[in-house]
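*Asks:* sharing a model that was predicted from the sequence below.
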Amino acid sequence: MLRTALRNVLAHKTRLLMTVLAVMLGVAFVSGTLVFTNTVSDAYQNSSAKGFKGVDVAVTAKGQEDRGNTIGKTPDLTQALVDRAAKVRGAASVTGVVSGFTAIADKDGKLIGGGWQSQGGNYWGTKDARYPLVSGHAPRGGNEVLIDSRTAERAGYKVGDTVRISVDGPVLAPTVAGVFTTDDGNVAAGGSLALFDTATAQKLFGKKGAYDEIDVTAKSGTGQAALKSQLDQALPEKLVETTTGHKLADDQARAISSSMSGLRQGLLVFAGIALFVGTFIIANTFTMLVAQRTRELALLRAVGASRRQVTRSVLVEAFVVGAVAGVTGLAAGIGIGAGLRSLLGAFGATVPDGPLVVSAGTVVAALAVGTVITMLAAWLPGRRAAKIPPVAAMSALHAAPTTKSLVLRNTIGALFSAAGVTVVLAATTMSGDDGQAPMGIGAVLLIIGVFVLTPLLSRPLIAAAAPLLRGFGVSGKLARQNSLRNPRRTAATASALMIGLTLITGMTVMAGSLQTAIAKMASASIRADYIVSMANGNALSPDVAKEIAATDGVTASSPLRNAISRIDGRTEFLTGVNGSAIGKLTDLKVDSGTFRVHGSDVVVDDDEAKSQGWKAGSTLTVHYEDGASQRLTVAGVYEGNQVIRGIMLDNATLTPHVAHPDDMQVMVKTADGASSATKDRLAKALGSNPAIKVQDKQDLSDSIAKAFTLILNMVYGLLAMAVVVAVLGVINTLAMSVFERSQEIGMLRAIGLDRKAVKRMVRLESLVISVFGGVLGIGLGVFFGWAAGQLIGSRMPTYELVLPWARMAVFLLLAGTVGVLAALWPARRAARLNVLAAIKAE
Amino acid sequence: MPTTPSPELHPGVPPADRRATSVAARATDLSKIYGQGETQVVALDRVSVEFRQAEFTAIMGPSGSGKSTLMHCVAGLDTFSSGSVRIGDTELGSLKDKQLTKLRRDKIGFIFQAFNLLPTLTALENITLPMDIAGRKPDKQWLDSVIEMVGLRDRLGHRPSQLSGGQQQRVAVARALASRPEIIFGDEPTGNLDSRSGAEVLGFLRNSVRELGQTVVMVTHDPVAAAYADRVVFLADGRIVDEMYRPTAETVLDFMRSFPGGTPQTPEFDAKGRTS
């Protein structure tokens, strides 16, 4: 039997080609994901381990908890602590570390690296072992800076140049004193690092006379653990924590691998979708192969093969197909992994160097996925093969699938669909998180239900297309009837496409609705013309608000200043605003009292007021972070939203109690309203700082749209694989159908159907199947998009369903294009069939 | 639906408007050679033959004699190496695939041994298929009379799988007749049928020649089937060796027994010869 199975694989190798390709793509996706994430994870871990080489023990400040009416403060790591650490017996050297965000502009004034990995720090003493200098000298004073060699090279800076940098708003223009190399993981990953002398760094990062961390290296002969216990004894236990370098490296490695495993799982989900779609093709192929070989299999049964042997022979074929697909898919996956890494580099997201990692796990996973998926999908056709009675070997007709078995199928499908719709609808009435799980379960039930029902659905839906097809004459008529001829086959082929399009449409509907909702929320109740903020979401220096207030044409401006406080033994966040201007900058609905933010008068949002039992006129005692307390009066209660909420008080009241004011954004109203001239003037007033964004409402919604477009495009890219696999499925089905119907096509050619019409017939059948899958997918996608939106809407008042009609039309067009493209090869084959050979074959 | 048959269907009356002597198809010096050099096989060797209008011709010959090849070449299904083939006034040798297809569609009717019908179409749709392909409306009256003749009136809505083999071939005959082709070619049209169904189909073909003036050329190896023809053309080794007018099963069989190296191909020949 094994020999028969192997011979069959060889005999049908062209017919199995599409199946192998489909499985191969799925396997390539899986192994590519594994290779890529392993490689990147290893590279990051290596580079971060390098970063901890110079640290045997790190000393950090111990955060204190908020207690009673006092805000727990993090103690400063003072110079005195550094000196005490240096006196420890086993300590060879001690480094005080200060760090913070530091943006560096390139020569065109643009931010280097997206702003997320722009780091700054201190250069310790005159020779810092962490940062070997390539050129120049250690920085001295506030006007000198060192930059890392990668950044220097990228931006073309050299010693003596002036660079524009910014820490929290104001632009600085120090001279490049030197260039250094570093193993810093952040820099290796494409970020930038600027170093100042310690005093300057402390001043810039708002830690006068203090450090973020004290790194201690051990004398030779002293282990990390020994040094740690020495430091624990020498330093005040209440104030500091000590951690060994090994542990730091381990923690970091763990953090990296867990963030990578998130990415890996995300990618594997999409790989799984592609593989799932692939199973339809496998099942279809083996069903067709078994049907074509009915007589042959019956003969095997007649000469004594058992049912199990017949099933096994089909499964052995599937195994061979899966193994071939697994091996080729693994090879392709390794290529994809390598390609992805260099692709990331091309997009500017530099990944630390490291070897390509193909682990044993990857190899096993690739082969297992290939063979197991193929065999699982071929199992049903294999069982069906075993049911062929030996007598079928004698009869001329091979049994067509009966409509009777569809009755059971339709019942099951209807039950699943009904259950799915019910559960999804029930989930939409739930709120937020509670609804997520039922929604997911309902969606899966409904997809299964619709898939099971597709043969039934194919009739009315394809019949609906009949008037269109009639325009194509006899080709259209034959195409329609051919596509209905084997509903199961059509259904499986269309379902493969349906799955991809369901997800694509669902995502698009949700993303579009969310984007509109967020854009609405961001600009709702804002009267300001501009919002000024940091590119990376960090806090702005209060100087920025001052600069803006002093700019020509600005009629009103206010920072949103975050501060922490204790009220009645609870931690509460305060928002400090410019009390005289905030009324002109916002358009908040006042539920009760007056919107007055001045002196001890504050306003609170409705949710907060409700939960604390405050009303207009209530008083509350606030304990600031510096320990001072003050009685405040609730002047009014306003309707809050996601952007503006909480306790709002005047900055004149708040700021004296805050050591380092953090302005999350500054709202600006100008005399001329939003215009590019005003915007330029503002940007110029802020020193054309690349790290600061000046956005009007349009920019705001554009940037939100951009973020969504990016995510959507990534999802499209990942789902594209599932669509490609589905296209292979359409090609496969058509090629098989053409092969099966070669006699018919020959007869049609003999009685006068020309090649063009034959081609058109195959192409139209393909179009019908693809568009059918597309319509189902888009329909389901809209339903899921709507249902998920109901859940989101329960937490987001501005949410409303936005149907992306243009996109949906594009998707339908895409389905049609898929159909036409998939038919190219099968249609050519059909048109080229030799009439005589076709009608003579018996 | 007209219940009275059209005047053309009255038996024994040859249609006056058909020129019984003119030629529907003609092959001249027709050769077909497969392969080259040592492996060269001559399937047809300078065959010249005419098929006259309103004549029922059977082509016979042992297996490998070239009878099917001759039919395929004359019917525009196959290319030939040299010589000429004319259907009416059209020379086939110079036609491209597209023109040949159109010629088959408009001027030729086909009845194959098997796979005559599309399983997805009803009997009626199968009958009108050539007209559908051409985008023409069938002549309703003619169609009715053809359907009447083959006796399929109550089976028109059935699919091929719901019809018996004989009924399926009757549909095929009706299809061939429905578009009023200049000539109908049959390739063993009764090869898969039992003798009674075969006789029916052959009867329809003969009636179409006698009553409707149709021209029919049929390849067969069955002397009983050949006996329905007006004329039998015998082929051997790619050449025409003889022809016979007004054949009977016995005369054809006798001739074939005397054939060089020729005995009838089919083992079931005897049974068929006696029952029909």
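*Replies:* Looks like it arrived, so ask away.
*Asks:* whichever residue of the stretch 601-750 of chain A sits closest to chain B - how many residues pack around it?
*Replies:* Of all residues in the stretch 601-750 of chain A, A:Gln743 sits closest to chain B, with a separation of 4.3 Å (Cβ to the nearest Cβ). C-beta: built from backbone N, CA, C; applies to glycine. Other residues within reach of A:Gln743, judged by other Cβ atoms under 10 Å in any protein chain shown, total 19.
*Asks:* those residues of chain B touching chain A, which are they?
*Replies:* Within chain B, the positions adjacent to chain A are B:72, B:77-78, B:97-98, B:101-102, B:104-106, B:109-110, B:112-116, B:118-121, B:129-130, B:132-135, B:161, B:175, B:187 by Cβ under 8 Å from any Cβ of the partner chain.
*Asks:* buried only: go through those residues for me.
*Replies:* For these, a burial check counting by 16 or more other Cβ atoms under 10 Å in any protein chain shown picks out B:72, B:77-78, B:101-102, B:104-106, B:109-110, B:112-116, B:118, B:120-121, B:129-130, B:132-134, B:175, B:187.
*Asks:* ok so, going back, so which of the residues of chain B next to chain A belong to helices?
*Replies:* B:72, B:97-98, B:101-102, B:104-106, B:129-130, B:132-134, B:175 (DSSP state H).
*Asks:* turn those into TSV, including pLDDT.
*Replies:* Converted to TSV, these look like this (pLDDT from 0 to 100):
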residue	pLDDT
B:His72	90
B:Asp97	85
B:Lys98	86
B:Thr101	88
B:Lys102	88
B:Arg104	89
B:Arg105	88
B:Asp106	88
B:Leu129	89
B:Pro130	88
B:Asp132	86
B:Ile133	86
B:Ala134	85
B:Arg175	91
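*Asks:* columns distance to A:Gly326 on top of the residues you listed, output as JSON lines?
*Replies:* As requested, these are exported to JSON lines (distance: Cβ to Cβ, whole Å):
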{"residue": "B:His72", "distance to A:Gly326": "48"}
{"residue": "B:Asp97", "distance to A:Gly326": "44"}
{"residue": "B:Lys98", "distance to A:Gly326": "46"}
{"residue": "B:Thr101", "distance to A:Gly326": "46"}
{"residue": "B:Lys102", "distance to A:Gly326": "51"}
{"residue": "B:Arg104", "distance to A:Gly326": "49"}
{"residue": "B:Arg105", "distance to A:Gly326": "50"}
{"residue": "B:Asp106", "distance to A:Gly326": "54"}
{"residue": "B:Leu129", "distance to A:Gly326": "47"}
{"residue": "B:Pro130", "distance to A:Gly326": "50"}
{"residue": "B:Asp132", "distance to A:Gly326": "48"}
{"residue": "B:Ile133", "distance to A:Gly326": "47"}
{"residue": "B:Ala134", "distance to A:Gly326": "52"}
{"residue": "B:Arg175", "distance to A:Gly326": "51"}
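*Asks:* among those residues, which two are most distant?
*Replies:* Maximum pairwise distance in these, criterion Cβ to Cβ, is 24.2 Å, between B:His72 and B:Asp132.
*Asks:* next up, phi/psi of residue 32, please.
*Replies:* Assuming you mean chain A. phi -60, psi -40 (degrees, to the nearest 10).
*Asks:* let's do chain B instead
*Replies:* Per degrees, to the nearest 10, the backbone of B:Lys32 is at phi -140, psi 120.
*Asks:* what number of residues lie near it?
*Replies:* B:Lys32 has 22 neighbouring residues, counting by other Cβ under 10 Å.
*Asks:* ok, it to chain A distance?
*Replies:* With distances taken as Cβ to the nearest Cβ, to the nearest Å, B:Lys32 is found 12 Å from chain A.
*Asks:* how about the closest residue to chain B within the stretch 701-842 of chain A, secondary structure?
*Replies:* Relative to chain B, the nearest point of the stretch 701-842 of chain A is A:Gly752 (2.3 Å; Cβ to the nearest Cβ). Classification of A:Gly752 by DSSP: H, G, I helix; E, B strand; the rest coil places it in coil.
*Asks:* I'd say it and B:Lys102 touch.
*Replies:* Yes: with contact defined as Cβ atoms under 8 Å, A:Gly752 counts as touching B:Lys102 (7.0 Å).
*Asks:* for chain A, give me its nearest residue in the stretch 101-250 of chain B.
*Replies:* Closest point on the stretch 101-250 of chain B to chain A, by Cβ to the nearest Cβ, is B:Arg105, at 2.3 Å.
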